[in-house]
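Chemist: Sequence and predicted structure below; questions after.
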Amino acid sequence: MHKESYAIANPYPNPKSPPHVTTKIMELTNSSYPVRAFIRHKAEMKIRQAEAAETFCPHVDRMLLKDLATTLFRSQLGTAIYTAYPTRVEAEAIEERFAEELAQTYQHIKQQQTNPDIQKLNQLLE
C-alpha cells in the first residue's frame, strides 16, 4: 500500500518557535473500498435499463434487491473482494462486477416468478 506523508503547519503555532516549524504529520493512504450503496444503485439502474428495453417497466422490487445484495455481500465472494484497492478505478471495477451479478440474479428471479411450476410451489408454501 502506498502511503504519503504531508507536513501540516500548526494553525496555532507556539510564539517561541520559528514560524516554519510544523507540528503535525498526517499520513494519507491512497486506497479505496467498493461502496455497497453504489453497487445497489448501479444494479437498480441496470435492471431499469433492461426492463425498459423489453418494453415493459414494472417497478423494481427494492426489498428483493436489498435482500439479494445483502446475501451477495455476506457471501464468501463478497467478503473476499471487499478489501482496500490502490485506486478508485479498481474499486469501481469491483462495484461494476457486483452490480452486474446482482442485476442478473434479480432478473432471473423475476423471470422465474412467472413460471407455472414456481407459482405452484409458492402456493404450496403459503
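Modeler: Yep, that arrived.
Chemist: Counting by contacts, list what the longest helix belonging to the chain packs against.
Modeler: Secondary structure of the chain read by DSSP state H shows that its longest helix is helix 88-112. Applying 3 or more C-beta pairs under 8 Å, 6 or more residues apart in numbering; DSSP states H and E, one finds that helix 88-112 contacts helix 36-53, helix 62-74, helix 76-81. The C-beta positions use only the backbone N, C-alpha and C, and glycine is treated the same way.
Chemist: Which parts of that helix count as buried, going by neighbours?
Modeler: Neighbour counts over helix 88-112 (16 or more other C-beta atoms under 10 Å) mark 91-92, 94-96, 98-99, 101-103, 105-107 as buried.
Chemist: do you know how far residue 95 is from residue 71?
Modeler: Note on residue 95: its distance to residue 71, by C-beta to C-beta, to the nearest Å, is 17 Å.
Chemist: Please report how far the closest residue to residue 66 other than its chain neighbours lies from residue 98.
Modeler: Excluding its sequence neighbours, the residue lying closest to residue 66 (C-beta to C-beta, 6 or more residues apart in numbering) is residue 40, at 7.1 Å. As judged by C-beta to C-beta, residue 40 and residue 98 stand 9 Å apart.
Chemist: hmm, back to that, any idea how far the longest helix of the chain is from the middle of the chain?
Modeler: 10 Å (C-alpha atoms, centre = their mean, to the nearest Å).
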